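J.: Provide a 3D model corresponding to the input given below.
(2 chains)
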Protein chains: 2
Amino acid sequence: MATPEPVATTPPPISFERHPSSYQHWKLTFDGPIATLGMDVQEDEGLAPGYKLKLNSYDLGVDIELADAITRIRFEHPEVHTVVVTSLKERIFCAGANIFMLRGSTHAWKVNFCKFTNETRLGMEDASEHSGIKFLAALNGICAGGGYELALACDEIILVDDANSAVSLPETPLLAVLPGTGGLTRLVDKRKVRRDLADVKGKRAVEWRLVDALAPSSKFKDVVAKRAHELAAASDRPSSGSGITLNPLNAAITEGSYTYSSVSVEFDRDKRAATMTVRAPEAPVESTPEAILAAGDQFWPLRVFREIDDAILRVRVNEREIGTIVLKTTGDPARVLEADRILLDLLAQPGQPGHWLIREVVHFIKRTLKRLDLSARSFFAVIEPGSAFAGSLFELALAADRSYMLDDPDQTNTIQLSGINGGVLPMSNGLSRLEARFYGTPDQVGRVLSREEAFEPADALEEGLVTFAPDDIDWDDEVRLAVEGRAAMSPDALTGMEANLRFVGPETMETKIFGRLTAWQNWIFQRPNAVGPKGALTSYGTSDRAEFDFRRT
Amino acid sequence: MATPEPVATTPPPISFERHPSSYQHWKLTFDGPIATLGMDVQEDEGLAPGYKLKLNSYDLGVDIELADAITRIRFEHPEVHTVVVTSLKERIFCAGANIFMLRGSTHAWKVNFCKFTNETRLGMEDASEHSGIKFLAALNGICAGGGYELALACDEIILVDDANSAVSLPETPLLAVLPGTGGLTRLVDKRKVRRDLADVKGKRAVEWRLVDALAPSSKFKDVVAKRAHELAAASDRPSSGSGITLNPLNAAITEGSYTYSSVSVEFDRDKRAATMTVRAPEAPVESTPEAILAAGDQFWPLRVFREIDDAILRVRVNEREIGTIVLKTTGDPARVLEADRILLDLLAQPGQPGHWLIREVVHFIKRTLKRLDLSARSFFAVIEPGSAFAGSLFELALAADRSYMLDDPDQTNTIQLSGINGGVLPMSNGLSRLEARFYGTPDQVGRVLSREEAFEPADALEEGLVTFAPDDIDWDDEVRLAVEGRAAMSPDALTGMEANLRFVGPETMETKIFGRLTAWQNWIFQRPNAVGPKGALTSYGTSDRAEFDFRRT
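T.: So this is what the prediction gives:
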């Protein structure tokens, strides 16, 4: 069966923070409403040693820069309406994920790499759908595998029409794996390519909908520019005005903890658990667009969810033995509810799309919570006196696999909902977390949302908003046993169980990518035909030919 | 990583044909509108040596009998309106899939075993939704794992309320695998159990919707009988009259071929391919309910799809090296279209549910085609002069991953649609195969359906009904290279690719079971924490404790 995990090419603890001034692989330039993301991957600047990023092939480091650029365009450049994604190399757009990187990576690294790249591409589609930013893939040359998958995540694809340019997904014939960064799903579900044509190299790329347009080399730049401006014209983003600056998070990252301004993560390695504590605002949050713009990245809702997002990402790739994350909150829940109210008030006025920055903040919160839903860790919310599980922070409890609420008659301990729990922070499947929770009793969604007061533990339990409400005598043991019990189970079985239980109800293209496509890819990433000693991924670039066990499963 | 595939416990070539007179594990009894399926698994009658089927645990052989019984109830017993699923053993309903069988099985065997059991359980739900047969799980004792999954496939669950009876899904904590026979999906999507309660052993089984009712031992039989009759009363099946008999298929099974009355499969082992040829009716099919009842299982639509179904099942488990199945048809397409018309005419008259037997035949065809969609083999339809790819047989071409149609000006070669392509044979995702094919151009569905004439090759290609239409000069090479090219690829990558490309668009509980749940389970079935030397499945029942690699993926 599968070979032992390769060693050594997994990089040391990595950071997900980047800044355009030090991008190694992308040039981000601006021209009025058009931003251009030019891919120019530096061969020798891979995140780990052992491979060269030739032909604009990419590794996680390339993708972290891409994700950073897209986030900055959203927050720092409200005047951008179209992003042109192209390459600065001649005759090559992008060769996809670097095969030598994949070959040398552990199974878990491959899985986490794909997950992050999927989140980044879905983030582009999120910006297109919700933020008035269209993405135009300008394929100036060969576009293969993950390169084409990146193009598929754009709204439109223009391919240069010369003798050698083409789009293709060679993963299956060449490497015995899938186009797993959304490729198969987007091909048939987004671009609606007929499946019997989907595995065929596209001679008739436009007719088969593999791309939207061809343009001869001599006119390529003009055609791209013209289409970029046409796409930009339909945007509801502001045409001028300043964005805000996303400054470094300045977290203190140590062996034992991550410490941010409003978020901390403490590791209990013996228990294979971590406690993430999120603090409510310590002062009233800014309430007008002007004040929020001035506060910039220090506006509490943005600041706290940027910190949560960064912490989740770091744990995912740097802390694989941490199986359970205990979610706690502290502070004044009234301040959280006030922040939620401000967000909702400014998000949408009748007939208006709402303030662009507020929209970005809310969608950032949404994406962070999705990141949590998609993290292969168990989450337990622990609700104690002094906590602030209200509104947007109560989403953390709803996202958790279980929640424990102390029911001690001598101490006040409440949770509270806000309008923000009503649907503006949907999961990948399109349901709000309350809708997912009450999938069997949909009337409860409206009932709990209509209640303006806080819920005491007995009420919260009765209404199904928490899983357990032990009294003070049982509390310590029950929470401890829950964490220990979870930690004793197979991490793989938990990952599979959570990936199923968390996504009740409808599926979307997004959940199909993370469910159907990713799960099959992960299976294939374990199969000897891909990763065994004679597997296609193992043999790629060597003098050995892949040898397959041809038995179907 | 994973250990080598165990040898020897995979049984020799097996048959999927059974008859109640020789059931080893189930007693099927009838009492007016109520049939009772009593599980009484014989420990020593496992399909393969090496394990004992204790405590009503099951292997594939047990499930083949179950599938046979359900099919026979549908066809042979139209008077049955409710099926009570229970156990004939004291204090034990069913312990689930036999763990020693799983432990000793190859990866592929586990996967195929789960697929068949999933199809069987979905078949129960199909009978409930479409055939007026309700299933009542009467849990007379402990019901664990796959036993509870079987109960979840029933419409209602009654649990005896004694000191030791309970339902539970111990797969994850005990074996480090998932309740993969629909368990996780049905728990949250069908029974709508809250996910934070889904992994908890149910003390409050009714309140949490794990079961529908409890009944004390003394009243259990009465409560079950009463509820069975209540469910039966709502059925639209006939209250009396005869069914038809499903006789043995009498296929000639040899090393080189399967030969049925209207279906043959020929193996070309060098090419890892098989050709399945389906013959159109050789005489006019019966056209009145009376004549069809009299024809029974010799009514061509039923006969031919029973044979296709059996052939697919045999290939799946007995012919693992056959990677590609070439689908051909022969005979008079007008006879197929006539059969389709008869089916549609008798299926539904305004205000009536249609004739019960016709309904069963159509749903059987539907389930067979679903079985094909879910088979981990590549299907290529090859459409040549003399073929009969019309109507219901054209569904085979629509189900295929590609289709090739000879365009030879000197020979007539056509395909043709019928009303049966319009939606009565939906895929698991709820779409007709035409809707799936034209997901990007939905107007085409109506257009091609409205055309009463046959399609010549050029038309068929133009309308997107076939993938390729080579001329007679290219034909042989093109078809040969297609089959050889497919055979050269990794079977695992093809399985993953096909599982993604075949299911465009919406997902249903059924596709979630085969996509999301099964794909994750298959991944887990490869993971050392389950199947490695120290894995939980490997260690079960030995003196060794499972040792996990606790790193999350």
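J.: so where does whatever residue of the stretch 251-400 of chain A ends up closest to chain B fall, helix or strand?
T.: Closest contact between the stretch 251-400 of chain A and chain B, by Cβ to the nearest Cβ, is at A:Arg320 (4.0 Å). Just so you know, the C-beta spots here come from the backbone N, C-alpha and C atoms, and that holds for glycine as well. Per DSSP states H and E, A:Arg320 falls between elements, in no helix or strand.
J.: nearest residue to it other than its sequence neighbours?
T.: Of all residues not flanking A:Arg320 in the chain, B:Arg551 sits nearest, at 4.0 Å (Cβ to Cβ, 6 or more residues apart in numbering or on different chains).
J.: That neighbour in helix, strand or coil?
T.: Put simply, B:Arg551 is coil when judged by DSSP: H, G, I helix; E, B strand; the rest coil.
J.: which residues sit in contact with it?
T.: A:108, A:320-321, A:491 (Cβ atoms under 8 Å, 6 or more residues apart in numbering or on different chains).
J.: If we look just around chain B, which residues of the stretch 301-450 of chain A are in range?
T.: The stretch 301-450 of chain A comes close to chain B at residues A:320-323, A:376-377, A:400-403, A:436-441, as judged by Cβ under 8 Å from any Cβ of the partner chain.
J.: and A:Gly430, helix, strand or coil?
T.: A:Gly430 ends up coil, using three-state DSSP.
J.: how about it, phi and psi?
T.: phi 90, psi -10 (degrees, to the nearest 10).
J.: now A:Leu187
T.: The phi and psi values for A:Leu187, taken as degrees, to the nearest 10, are phi -60, psi -50.
J.: and it, how far is that from A:Trp208?
T.: To A:Trp208, A:Leu187 is 10 Å away according to Cβ to Cβ, to the nearest Å.
J.: before we move on, what about A:Ala339?
T.: 48 Å.
J.: quick one: which of these two has more around it?
T.: Neighbour count, other Cβ atoms under 10 Å in any protein chain shown: between A:Ala339 and A:Trp208, A:Ala339 has more, with 27 against 17.
J.: Not including adjacent chain positions, what is the nearest residue to that one?
T.: The shortest distance from A:Ala339 to any non-neighbouring residue, by Cβ to Cβ, 6+ apart, is to A:Val285 (4.5 Å).
J.: Tell me if I'm right that the one you found and A:Leu343 touch.
T.: No: judged on Cβ atoms under 8 Å, A:Val285 makes no contact with A:Leu343 at a distance of 9.2 Å.
J.: which of the two has more neighbours?
T.: A:Leu343 (27 against 23).
J.: thinking again about what came up before, identify the contacts common to A:Leu187 and A:Trp208.
T.: Common contact partners of A:Leu187 and A:Trp208 (Cβ under 8 Å, 6+ apart): A:Val193.
J.: about what we covered before: count of residues packed around the residue of the stretch 251-400 of chain A closest to chain B?
T.: A:Arg320: 22 surrounding residues under other Cβ under 10 Å.
J.: is the host helix or strand of A:Ala493 up against chain B anywhere?
T.: Per DSSP H and E, A:Ala493 falls inside helix A:491-501. Yes: counting by Cβ under 8 Å from any Cβ, chain B has neighbours in helix A:491-501: A:491-497, A:499-501.
J.: Could you identify which of those residues has the most neighbours?
T.: Neighbour-wise, the residues of helix A:491-501 next to chain B (other Cβ under 10 Å) top out at A:Gly496, 32 neighbours.
J.: What does the closest residue to chain B within the stretch 101-250 of chain A show for phi and psi?
T.: The stretch 101-250 of chain A approaches chain B most closely through A:Lys192 (2.7 Å), counting by Cβ to the nearest Cβ. With angles defined as degrees, to the nearest 10, A:Lys192 sits at phi 60, psi 40.
J.: Roughly how far does the nearest residue to it once chain neighbours are set aside sit from B:Asp373?
T.: Excluding its sequence neighbours, the residue lying closest to A:Lys192 (Cβ to Cβ, 6+ apart) is B:Gly440, at 2.7 Å. Applying Cβ to Cβ, the value for B:Gly440 to B:Asp373 is 19 Å.
J.: More neighbours: those two, which one.
T.: Of the pair B:Gly440 and B:Asp373, B:Asp373 is the one with more neighbours under other Cβ under 10 Å, namely 20 against 17.
J.: show me where the stretch 51-200 of chain A has helices.
T.: If DSSP state H, counting those that start in this stretch is used as the criterion, the helices of the stretch 51-200 of chain A fall at A:60-76, A:99-104, A:107-130, A:146-152, A:183-185, A:195-198.
J.: Switch the ones you listed over to CSV; also include mean pLDDT, distance to A:Phe93 and mean neighbour count.
T.: Converted to CSV, these look like this (pLDDT from 0 to 100; distance: least, Cβ to Cβ, whole Å; neighbours: other Cβ atoms under 10 Å in any protein chain shown):
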stretch, mean pLDDT, distance to A:Phe93, mean neighbour count
helix A:60-76, 98, 13, 22
helix A:99-104, 95, 17, 22
helix A:107-130, 97, 15, 21
helix A:146-152, 98, 5, 29
helix A:183-185, 96, 15, 30
helix A:195-198, 90, 20, 22
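J.: export those to a markdown table and tack on distance to chain B?
T.: What follows is the helices of the stretch 51-200 of chain A, written out as a markdown table (distance: least, Cβ to the nearest Cβ, whole Å):
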| stretch | distance to chain B |
| --- | --- |
| helix A:60-76 | 15 |
| helix A:99-104 | 14 |
| helix A:107-130 | 4 |
| helix A:146-152 | 13 |
| helix A:183-185 | 4 |
| helix A:195-198 | 4 |
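J.: May I see these organised as CSV, with distance to B:Ile312 added?
T.: Converted to CSV, the helices of the stretch 51-200 of chain A look like this (distance: least, Cβ to Cβ, whole Å):
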stretch, distance to B:Ile312
helix A:60-76, 41
helix A:99-104, 35
helix A:107-130, 32
helix A:146-152, 33
helix A:183-185, 24
helix A:195-198, 20
